[in-house]
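Colleague: just to be clear, the model below is a prediction. Sequence and coordinates:
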Amino acid sequence: MTDLDLHTRISPPIAMGQIGLGGGIAPMHLTEMEKNPNFQLVAGCDIKLDDPNVAKQAARVTTAGGKIYPDYQSLLQDPRVEAVCIAVPHFLHRAVTVAAFQAKKHVLCEKPMATHPDECRMMLEARNASGRVGAVQMQHVGRSSMLSLRQAIHSGAIGKIQEIFLSSLWWREESYYGRAAWAGKKMMEGQWNLDGVMFNQAVHFINQALILASPGDLPTVARAENLRTALYRFHDSPSLEMEDTALAQATLATPDRPRLTMVATTCSRQERHMIEILADAGRAVWNGTGYLLPDGQPATEFHDDARDFDGNMRTFNSFARAIRTRSTPITDFSQILKTTDFIFSCYQTAAWNIKKAPWAATENLSAIFGQIARQRALPTELNPRPQWA
Ligand SMILES: NC(=O)c1ccc[n+]([C@@H]2O[C@H](COP(=O)([O-])OP(=O)(O)OC[C@H]3O[C@@H](n4cnc5c(N)ncnc54)[C@H](O)[C@@H]3O)[C@@H](O)[C@H]2O)c1
């Protein structure tokens, strides 16, 4: 697991360009590159350089000795830029990534890799043609709690995996969906955007569950079969076109063939992310800390490293190491595209039907989610069936 070493030192550092400077996530990437000696910030770009927050982030790039561009096309022509970190809205991930590979840059792209499987495949083909590295910035994959728990599960400590329960419960106000033009939208500028709870928030934990279930030396994403999905929209915001609540049942195509039950929502008063794995010789839980609970044996806890509580440093370092040593990054395009396949299949199996449900019903959602877990059923199949289903 040397690829996963937090102490990895890369020489010379990777000369990075940050594409998209404002918003919620780019400032965190700038912080990582400012403090991580494996990276040198040499450029940044944004289409809204007049925006005060964007200007503030642009100043950080110039302080680090980097150059600012008004668009990504001109940044990609800068020969100093060796790799780019892409933090623009979902619907632009494919176009910017493909252009970056054509300019012979390595790519670390924000999640979701893209929202349509065909787009992910175009990104993978562009990567293969360029001979460069393509990784997705899914920081939780790099968390020590996650990687150690995964290793323990696949060493056979709790036996054969039979069942996985995934809950990704978030709380988002109505105003959240008005924060940006692309928020909550199905399409943007004729491109797939699919900004619902699955591709925006739960994507991290769907990815974690599919990785925890799947054996292999590096994080490998499992495929799903027999998928059944139900999608709902409880929020009343006119900006939200997509689902804010998604329920799914599936079988995972791993050697153990466990059943998966998924609950994801932005309407939960209780914010909680939990992956529970039931096996024939014990149980494992990941909720930010990893718990291994083998039958008849003491329990083991796996904690995050204090230097890297969210896994950001490890995913960045893994990307840097892949560039210099031609190793595979822990969030390689070829694996993470299967998470897009899973979520896109959820829309397909729900026949793209997103049912409007009354906001008042969210008051009782935790009880309904409990029934879903116990009955392994979609809301329409519950006994008793909720009125809104
Ligand atoms: N990994 C995480 O935990 C995490 C957290 C938040 C957001 N994200 C992801 O990061 C991406 C950006 O999200 P956000 O909330 O920061 O978005 P945002 O809309 O708030 O910010 C995006 C920034 O990109 C800029 N931009 C837009 N189009 C551009 C273009 N063509 N060229 C250059 N810059 C452009 C915008 O001006 C803005 O400054 C999304 O894919 C989102 O899902 C990931």
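Modeller: Thanks, I have the structure now.
Colleague: quick one: the strands in the stretch 1-150 of the chain, in order.
Modeller: For the stretch 1-150 of the chain, strands defined by DSSP state E, counting those that start in this stretch occupy the ranges 14-19, 39-45, 67-69, 83-86, 106-110, 134-137.
Colleague: need the winner for burial among those.
Modeller: Relative to the other members of the strands of the stretch 1-150 of the chain, strand 134-137 carries the highest mean neighbour count by mean count of other C-beta atoms under 10 Å, namely a mean of 28. C-betas here are computed from N, CA, C, even on glycine.
Colleague: same for it, what does it pack against?
Modeller: Judged by 3 or more C-beta pairs under 8 Å, 6 or more residues apart in numbering; DSSP states H and E, the packing partners of strand 134-137 are strand 106-110, helix 117-130, helix 312-325, helix 333-349.
Colleague: how about the residues of the stretch 1-150 of the chain near the ligand?
Modeller: Of all the residues in the stretch 1-150 of the chain, those in contact range of the ligand (C-beta under 6 Å from any ligand atom) are 19-26, 45-48, 54, 71-72, 87-90, 92, 110-111, 137, 139.
Colleague: just the helices and strands packed on strand 134-137: most buried one?
Modeller: Scoring the helices and strands packed on strand 134-137 by mean neighbour count under mean count of other C-beta under 10 Å gives strand 106-110 as the most buried, with a mean of 26.
Colleague: partner strands of that strand, parallel or antiparallel?
Modeller: If you go by DSSP bridges, strand 106-110 pairs up with strand 83-86 (parallel), strand 134-137 (parallel).
Colleague: contacts for the last one next, please.
Modeller: Residues external to strand 134-137 that are found in contact with it (C-beta atoms under 8 Å, 6 or more residues apart in numbering): 29, 85, 87, 97, 101, 106-113, 123-124, 127, 315, 318-319, 322, 329-333, 336.
Colleague: quick check: the gap between residue 233 and residue 174.
Modeller: Counting by C-beta to C-beta, to the nearest Å, the gap from residue 233 to residue 174 is 12 Å.
Colleague: ok, the two, which is more surrounded?
Modeller: The residue with more neighbours, out of residue 233 and residue 174, is residue 233; 21 against 13, by other C-beta atoms under 10 Å.
Colleague: which pLDDT value goes with residue 307?
Modeller: Looking at residue 307, its pLDDT stands at 86.
Colleague: how deep is it tucked in, by neighbour count?
Modeller: Counted with other C-beta under 10 Å, the neighbours of residue 307 add up to 10.
Colleague: wait, doesn't residue 143 sit right on residue 313?
Modeller: No - no contact is recorded between residue 143 and residue 313 when judged using C-beta atoms under 8 Å, the distance being 10.3 Å.
Colleague: for the residue in the stretch 151-300 of the chain that the ligand sits nearest to, what are its contacts?
Modeller: Going by C-beta to the nearest ligand atom, the ligand is nearest to residue 180 of the stretch 151-300 of the chain, at 4.2 Å. The contact partners of residue 180, by C-beta under 8 Å, 6+ apart, come to 23, 89.
Colleague: next one: residue 358
Modeller: Residue 358 sits next to 234, 388 when contact means C-beta under 8 Å, 6+ apart.
Colleague: can you tell me how far it is from the ligand?
Modeller: If you measure residue 358 against the ligand using C-beta to the nearest ligand atom, to the nearest Å, the figure is 28 Å.
Colleague: cool, and residue 36?
Modeller: Look at residue 36 and the ligand: by C-beta to the nearest ligand atom, they are 16 Å apart.
Colleague: could you give the number of residues near that residue?
Modeller: Quick note: residue 36 (other C-beta under 10 Å) scores 19 neighbours.
Colleague: let's have the chain start at 588 instead
Modeller: Sounds good: first residue 588 from here, last item residue 623.
Colleague: that one against residue 903, yeah?
Modeller: Yes - with contact taken as C-beta under 8 Å, residue 623 and residue 903 are classed as touching, separated by 6.1 Å.
Colleague: and residue 746, what pLDDT?
Modeller: The predicted local distance difference test score for residue 746 is 98.
Colleague: looking at this structure, which strand is longest?
Modeller: Of all the elements of type strand in the chain, the one with the most residues (DSSP state E) is strand 854-866.
Colleague: average pLDDT across that one?
Modeller: On average, the pLDDT along strand 854-866 is 95.
Colleague: for that strand, packing partners?
Modeller: Counting contacts by 3+ C-beta pairs under 8 Å, 6+ apart, strand 854-866 packs against strand 748-758, helix 790-799, strand 869-873, helix 952-962.
Colleague: the helix or strand just after the shortest one pairs with which strands?
Modeller: Toward the C-terminus, strand 869-873 is succeeded by strand 877-881 as the next helix or strand (DSSP states H and E). Strand partners for strand 877-881, identified by DSSP bridges, are recorded as strand 869-873 (antiparallel), strand 887-889 (antiparallel).
Colleague: count the neighbours of residue 762 for me.
Modeller: When neighbours are defined as other C-beta under 10 Å, residue 762 has 9 of them.
Colleague: could you find the closest non-adjacent residue to it?
Modeller: residue 824 (7.9 Å; C-beta to C-beta, 6 or more residues apart in numbering).
Colleague: ok, that neighbour - contacts?
Modeller: With the criterion set at C-beta under 8 Å, 6+ apart, residue 824 makes contact with 761, 762, 764, 765, 771.
Colleague: repeat the analysis, applying 10 Å as the threshold.
Modeller: If a contact means C-beta atoms under 10 Å, 6 or more residues apart in numbering, then residue 824 has 759, 760, 761, 762, 763, 764, 765, 770, 771, 831, 946 as its contacts.
Colleague: repeat for residue 955
Modeller: When contacts are counted by C-beta under 10 Å, 6+ apart, residue 955 touches 832, 834, 850, 948, 949, 966, 969, 973, 975, 976.
Colleague: mind checking which of these are in strands?
Modeller: Members of those lying in strands (criterion: DSSP E): 832, 834, 850.
Colleague: intersect those with the contacts of the ligand.
Modeller: With C-beta under 6 Å from any ligand atom as the criterion, those include none near the ligand.
Colleague: neighbour-wise, which one of the residues you listed leads?
Modeller: Top of the ones in strands among the contacts of residue 955 by neighbour number is residue 832, holding 28 neighbours under the definition other C-beta under 10 Å.
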